[in-house]
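Peer 1: Structure for the following, please:
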Amino acid sequence: MAISRAQLLKELLPGLNALFGLEYKKYENEHEAIYETENSERSFEEELNLSGFGAAPVKSEGAAIAYDNAQESWVARYNHETIAMGFAITEEAMEDNLYDSLSSRYTKALARSMAYTKQVKAAYPLNNGFSGGAYTVGDGKTLFATDHPLVSGGTNSNTPSTQADLNETSLEAAVIQIAGWTDNRGLLIAARPRKLIIPVASTFIATRLLETENRVSTADNDINAIKSNGTIPEGYSVNHYLTDTDSWYLITDVPNGMKHFVRTPMKTAMDGDFDSGNVRYKARERYSFGVSDPLGIFGSSGA
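Peer 2: Numbers count the residues shown, from 1 in each chain. Coordinates of the predicted model:
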């Protein structure tokens with residue numbers, strides 16, 4: 001359907017002082033605080049989780065050396081989605097001196113819609129990654145689970161056993177839990193949190209926890225150990241597209257965790273329709289958001 005003069009009647013009449021509603025600012029590129037971005041040249045991408053070796057045993061004198069087996073664990077698959085949208089302007093609307101104003105305003109509106117959709121897609125794994133959610137990872141578990149299976153028979157947990165709101169106790173417990181993660185064969189890995197991701201409702205809580213010199217909500221004169229130890233070196237980032245107002249997340253330094261693949265960057269185009277004389281505009285991009293290693297993130301849905 002094309003934008004016609006009937007939809008823009010007031011813009012054709014004299015005395016119009018201002019147009020508004022399409023110039024709002026937007027929250028841009030908040031996914032960059034969560035995901036590592038890579039380019040893709042295929043219709044989909046797969047990343048394979050490998051198992052290394054267990055702890056080396058003691059070799060008795062004269063005994064044969066022990067051999068271990070490496071194996072593949074599970075695959076993370078990224079299916080790229082095509083996001084596209086457009087609009088058209090009638091030939092008559094263009095003739096009545098609306099072309100310049102319409103094309104300028106609505107191409108900006110189109111870019112706004114495309115950017116908004118991208119941020120919603122990026123937040124989807126976090127918003128739907130807890131128990132009962134729709135987002136699962138390669139090991140068959142929801143993104144945030146207490147029982148991500150290991151080849152050794154053990155499990156890793158990237159969520160609290162009892163969900164908790166963001167506070168000093170829960171944040172310290174999460175850091176300690178991350179330090180206890182192991183690889184597929186049960187060997188400790190040196191994992192640390194890098195950045196705290198929060199909804200806007202937790203902004204002031206995060207500021208107090210990470211930026212004050214002394215402990216918060218206590219009369220004791222203790223230092224703020226989280227800040228003093230540089231526990232979360234990259235601070236916090238607010239994501240306005242998180243739907244749970246008391247959820248919170250820690251991005252870790254585990255490689256190949258949260259991934260964003262760009263198959264086709266944003267492209268715009270316009271052309272004229274011969275039969276109607278309408279001018280059409282479109283925007284298109286293709287990408288995927290996902291998780292290769294769930295140890296790339298720790299999350300709590302809040303109490």
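Peer 1: ranges for the strands of the chain?
Peer 2: Per DSSP state E, the chain has strands spanning 2-3, 36-39, 44-51, 71-79, 81-89, 148-149, 155-156, 193-198, 236-238, 248-252, 258-272, 279-291, 297-300. These are given in chain order.
Peer 1: Mean neighbour count and mean pLDDT for these - can I get that in TSV?
Peer 2: The way it works is simple: take the backbone N, C-alpha and C, and place the C-beta from them, glycine included. As requested, the strands of the chain are exported to TSV (neighbours: other Cβ atoms under 10 Å; pLDDT from 0 to 100):
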stretch	mean neighbour count	mean pLDDT
strand 2-3	18	70
strand 36-39	12	97
strand 44-51	15	94
strand 71-79	14	93
strand 81-89	16	91
strand 148-149	20	96
strand 155-156	19	97
strand 193-198	20	98
strand 236-238	18	98
strand 248-252	25	98
strand 258-272	16	94
strand 279-291	19	94
strand 297-300	25	98
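Peer 1: Arrange the ones you listed in JSON lines, one row each, with distance to I226 as further columns.
Peer 2: Converted to JSON lines, those look like this (distance: least, Cβ to Cβ, whole Å):
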{"stretch": "strand 2-3", "distance to I226": "53"}
{"stretch": "strand 36-39", "distance to I226": "25"}
{"stretch": "strand 44-51", "distance to I226": "31"}
{"stretch": "strand 71-79", "distance to I226": "31"}
{"stretch": "strand 81-89", "distance to I226": "38"}
{"stretch": "strand 148-149", "distance to I226": "26"}
{"stretch": "strand 155-156", "distance to I226": "23"}
{"stretch": "strand 193-198", "distance to I226": "10"}
{"stretch": "strand 236-238", "distance to I226": "11"}
{"stretch": "strand 248-252", "distance to I226": "12"}
{"stretch": "strand 258-272", "distance to I226": "22"}
{"stretch": "strand 279-291", "distance to I226": "26"}
{"stretch": "strand 297-300", "distance to I226": "15"}
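Peer 1: Ok, which of those comes nearest A111?
Peer 2: Distances from A111 to each of those were compared using Cβ to Cβ; the shortest belongs to strand 279-291, at 6.7 Å.
Peer 1: Next, the angle from that closest one to strand 71-79.
Peer 2: 160 degrees (axes from the mean of the first three to the mean of the last three Cα atoms, to 10 degrees).
Peer 1: Parallel or antiparallel, list what pairs with strand 279-291.
Peer 2: Taking DSSP bridges as the criterion, strand 279-291 sits next to strand 81-89 (antiparallel), strand 258-272 (antiparallel) in its sheet.
Peer 1: Show me the one of those that comes nearest F44.
Peer 2: Ranking the strands paired with strand 279-291 by proximity to F44 (Cβ to Cβ) places strand 258-272 first, at 8.8 Å.
Peer 1: Can you give the distance from that closest one to the centre of its chain?
Peer 2: On the basis of Cα atoms, centre = their mean, to the nearest Å, strand 258-272 is displaced by 18 Å from the centre of the chain it belongs to.
Peer 1: For that strand, give me every contacting residue.
Peer 2: Residues lying outside strand 258-272 but in contact with it, judged by Cβ atoms under 8 Å, 6 or more residues apart in numbering, are 31, 34-43, 45, 47, 76, 78, 80, 82, 107, 110, 114, 122, 125, 251, 278-292, 296-297.
Peer 1: Ok, stretch 70-85 next?
Peer 2: For stretch 70-85, the external contacting residues (Cβ under 8 Å, 6+ apart) are 40, 43-53, 110, 113-114, 117-118, 121, 137-140, 151, 184, 259, 261, 263-264, 282-288, 290-293.
Peer 1: Between its first and last residues, how far does it reach?
Peer 2: Across stretch 70-85, the straight-line distance between its terminal residues is 47 Å, by Cα to Cα, to the nearest Å.
Peer 1: try stretch 218-225
Peer 2: Start and end residues of stretch 218-225 are separated by 13 Å (Cα to Cα).
Peer 1: Please compute how far that stretch lies from its chain's middle.
Peer 2: Between the mean C-alpha point of stretch 218-225 and the mean C-alpha point of its chain there is a distance of 34 Å (Cα atoms, centre = their mean).
Peer 1: in it, what counts as buried?
Peer 2: N224 (16 or more other Cβ atoms under 10 Å).
Peer 1: Next up, the contacts around the most centrally placed residue in the chain.
Peer 2: Relative to the mean C-alpha position of the chain, the nearest C-alpha, by Cα atoms, centre = their mean, is the one of A122, at 4.1 Å. When contacts are counted by Cβ under 8 Å, 6+ apart, A122 is found next to E30, H31, I34, Y35, Y241, H260, F289.
Peer 1: circling back to that earlier point, looking at the strands paired with strand 279-291, which is nearest to V58?
Peer 2: Between V58 and these, the tightest spacing by Cβ to Cβ is seen for strand 258-272, at 39.5 Å.
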